[in-house]
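S.K.: I need the structure of the sequence given here:
(one chain, ligands or ions: 1)
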Amino acid sequence: MSVTREVALGEISDIALPDGKTLAAADILRAFTLESGTVRFVLEVADAGAAKALAPVEAEARRRLLALEGVDDVQIVMTAPAGKPAAPARGDAPSLKIGRHPTAQAGPQPVPGVRSIIAIGSGKGGVGKSTLTSNLAVALARAGRKVGLLDADIYGPSQPRMMGVSGRPASPDGQRIEPLKAHGVTMMSIGLMLKESEAVVWRGPMLMGALQQLLQQVNWGELDILLIDLPPGTGDVQLSLCQKAAVTGAIIVSTPQDVALLDARRAIDMFNKLKTPVLGLVENMSSYICPKCGHEAHLFGHGGVAEDARKMDLPFLGEIPLQLEIRLAGDAGRPVALGEGDVSDAYARLADRLIKGGLA
Ligand SMILES: Nc1ncnc2c1ncn2[C@@H]1O[C@H](COP(=O)(O)OP(=O)(O)OP(=O)(O)O)[C@@H](O)[C@H]1O
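M.R.: Sure thing, here's the model as predicted:
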């Protein structure tokens with residue numbers, strides 16, 4: 001039987017730190033999750049020196065976790081800010097260093113000029129959430145909407161690759177960040193603000209600050225809709241986002257497999273708890289049509305997401321087939337929704353539903 005999150009957590013809690021305290025007693029472990037065989041957590045440290053000293057602890061935690069049945073991957077993120085970020089005083093110019101502590105704000109805030117903010121989430125990783133987000137953004141732009149795309153997947157920001165952009169966004173006045181433009185979409189990714197060699201090293205408050213900056217310091221301009229590509233699962237980013245931004249609603253992407261659906265239900269449950277309306281579910285990798293003989297196969301099953309949506313009384317927004325061209329187009333930085341054909345039409349239908357629903 002696979003381990004539970006609690007068992008995995010217990011397995012590493014007694015690892016000794018350089019100062020003699022155990023990992024549990026030192027209170028530096030944050031956002032511990034176990035999802036689909038992947039353990040992810042954050043070790044909160046004061047600076048780069050402390051992070052270096054924790055390297056043996058990290059190695060030992062990794063070793064112990066990987067020895068557990070059902071754990072295939074361990075992703076550890078260390079907080080090691082270059083300098084201690086000072087809390088900005090009132091009237092300070094906003095810092096362009098992404099990943100600062102959050103500034104105080106009263107409840108979830110709208111993003112000026114942005115009509116609706118839609119979070120795209122999934123329970124399980126790899127179900128195609130980022131692919132769906134980039135294609136939906138392009139389809140909405142093709143339908144004449146002003147679309148923004150914020151890639152908030154701190155563990156694996158893939159939108160720069162999928163949308164074919166690179167380079168660090170400019171800040172001509174040193175205060176505001178200029179987003180990039182790709183395929184008619186205004187976009188910004190947490191990945192564009194980090195050097196490639198820079199590990200993402202944020203704890204809860206730093207993460208909140210970074211998200212706040214990406215929402216409020218970026219010149220988004222007038223947008224009908226801002227799509228936010230979330231990391232998979234139910235972690236700190238989802239929590240921070242729903243606390244910091246007036247999110248109009250969330251769309252959940254799942255493949256039809258039972259295991260993915262189980263995780264999708266958890267994600268829905270989390271959004272319900274955060275009082276963020278779930279706008280509907282999308283089934284990705286729904287069916288596969290053999291390009292040679294036209295035979296339709298259902299590699300991950302079919303219809304499971306629609307059925308779950310019905311059971312939970314949530315809208316089913318549509319299904320996207322499993323197609324090689326979707327992956328190839330994503331890898332090439334030109335989402336398939338830019339072209340013509342059945343697959344592009346499937347994304348266009350999804351976009352149309354959002355537009356007809358008054359969300360874009
Ligand atoms: N409908 C599809 N048909 C074919 N390939 C797809 C489809 N959707 C996604 N993919 C491919 O599956 C892989 C995972 O997709 P993607 O990165 O969008 O998933 P994700 O849920 O955002 O993953 P992560 O959890 O890592 O953020 C990518 O290589 C992508 O090109």
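
S.K.: which parts of the stretch 51-200 of the chain are helices?
M.R.: 55-66, 129-142, 159-163 (DSSP state H, counting those that start in this stretch).

S.K.: contacting residues around stretch 184-196?
M.R.: Stretch 184-196 is contacted by residues 98-99, 137-138, 141-142, 146-154, 157-160, 163, 165-169, 177, 179-181, 200, 210, 214, 218, 220-221, 223 when judged by CB atoms under 8 Å, 6 or more residues apart in numbering. Where you see a C-beta, it was placed from the backbone N, CA and C, and this is true even at glycine.

S.K.: near the ligand too, which of those residues?
M.R.: For the ligand, the contacts drawn from these by CB under 6 Å from any ligand atom are 153, 158.

S.K.: tell me which of the contacts of stretch 184-196 fall in strands.
M.R.: Using DSSP state E, the members of the contacts of stretch 184-196 that fall in strands are 147-151, 180-181, 223.

S.K.: got those residues as TSV, with pLDDT and neighbour count columns?
M.R.: As requested, those are exported to TSV (pLDDT from 0 to 100; neighbours: other CB atoms under 10 Å):
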residue	pLDDT	neighbour count
147	98	25
148	98	25
149	98	31
150	96	28
151	94	27
180	94	20
181	95	11
223	97	21
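
S.K.: quick one: which of those residues is nearest the ligand?
M.R.: Nearest to the ligand out of the ones in strands among the contacts of stretch 184-196 is residue 151 (CB to the nearest ligand atom; 9.6 Å).

S.K.: list the residues that contact the closest one.
M.R.: For residue 151, the contact set (CB under 8 Å, 6+ apart) comprises 130, 133, 157-160, 187-191, 229.

S.K.: nearest residue to the residue most central in space within the chain in space, please, no chain neighbours.
M.R.: Ranked by distance to the mean C-alpha position of the chain (CA atoms, centre = their mean), the top residue is residue 230 at 1.9 Å. Spatially, and ignoring its direct neighbours in sequence, residue 230 is nearest to residue 121 (4.7 Å; CB to CB, 6 or more residues apart in numbering).

S.K.: what's the spacing between that neighbour and residue 28?
M.R.: Residue 121 is 27 Å from residue 28, where distance means CB to CB, to the nearest Å.

S.K.: ok, those two, which is more surrounded?
M.R.: It is residue 121, of residue 121 and residue 28, that has more neighbours when counted by other CB atoms under 10 Å, with 27 against 20.

S.K.: enumerate the residues of the stretch 151-300 of the chain near the ligand.
M.R.: Applying CB under 6 Å from any ligand atom, we find that the stretch 151-300 of the chain lies next to the ligand at 153, 156, 158, 232, 284-285.

S.K.: and those, which of them are buried?
M.R.: The neighbour-count test (16 or more other CB atoms under 10 Å) marks 153, 158, 232, 284-285 as buried among these.

S.K.: and the pLDDT at residue 340?
M.R.: pLDDT, residue 340: 96.

S.K.: residues in contact with it?
M.R.: Listed by CB under 8 Å, 6+ apart, the contact set of residue 340 is empty.

S.K.: secondary structure class for it?
M.R.: coil (DSSP: H, G, I helix; E, B strand; the rest coil).

S.K.: any idea how far it is from residue 347?
M.R.: Taking CB to CB as the measure, residue 340 falls 12 Å from residue 347.

S.K.: so who does residue 178 touch?
M.R.: By CB under 8 Å, 6+ apart, the contact list for residue 178 reads 169-172, 218-219.

S.K.: residue ranges with poor pLDDT in the stretch 51-200 of the chain?
M.R.: 78-106, 194-200 (pLDDT under 70).

S.K.: before we move on, the earlier item: just the residues of the stretch 151-300 of the chain next to the ligand now: which is nearest residue 61?
M.R.: Distance to residue 61 across those (CB to CB) is lowest for residue 156, with 20.3 Å.

S.K.: so which of the contacts of residue 178 is the most crowded?
M.R.: For the contacts of residue 178, the largest neighbour count, defined by other CB under 10 Å, is 21 neighbours, found at residue 218.

S.K.: circling back to that earlier point, can you list the residues of the stretch 151-300 of the chain next to the ligand in CSV and add distance to residue 18?
M.R.: Shown next, in CSV, are those (distance: CB to CB, whole Å):
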residue, distance to residue 18
153, 32
156, 30
158, 35
232, 33
284, 45
285, 46
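
S.K.: domain parsing of the chain, as residue ranges.
M.R.: Listed domain ranges for the chain are 5-79, 114-356 (source: automatic domain parsing).

S.K.: by neighbours, which of the contacts of residue 151 wins?
M.R.: Within those, neighbour counts (other CB under 10 Å) peak at residue 159, which reaches 30 neighbours.

S.K.: ok, and the closest non-adjacent residue to it?
M.R.: residue 151 (3.6 Å).

S.K.: for residue 357, same thing?
M.R.: Distance criterion CB to CB, 6+ apart; nearest residue to residue 357, sequence neighbours excluded, is residue 279 at 7.6 Å.

S.K.: give me the contacts around the helix or strand where that neighbour lies.
M.R.: In the assignment (DSSP states H and E), residue 279 maps to strand 278-284. Taking CB under 8 Å, 6+ apart as the criterion, the residues outside strand 278-284 that touch it are 118, 127-129, 131-132, 248-256, 264, 268, 271-272, 302-306, 308-309, 314-320, 322, 350, 357, 359.

S.K.: just the buried residues of the residues you listed.
M.R.: The neighbour count (16+ other CB under 10 Å) marks 118, 127-129, 131-132, 248-256, 264, 268, 271, 302, 304-306, 308-309, 314, 316-320, 322, 350, 359 as buried among the contacts of strand 278-284.
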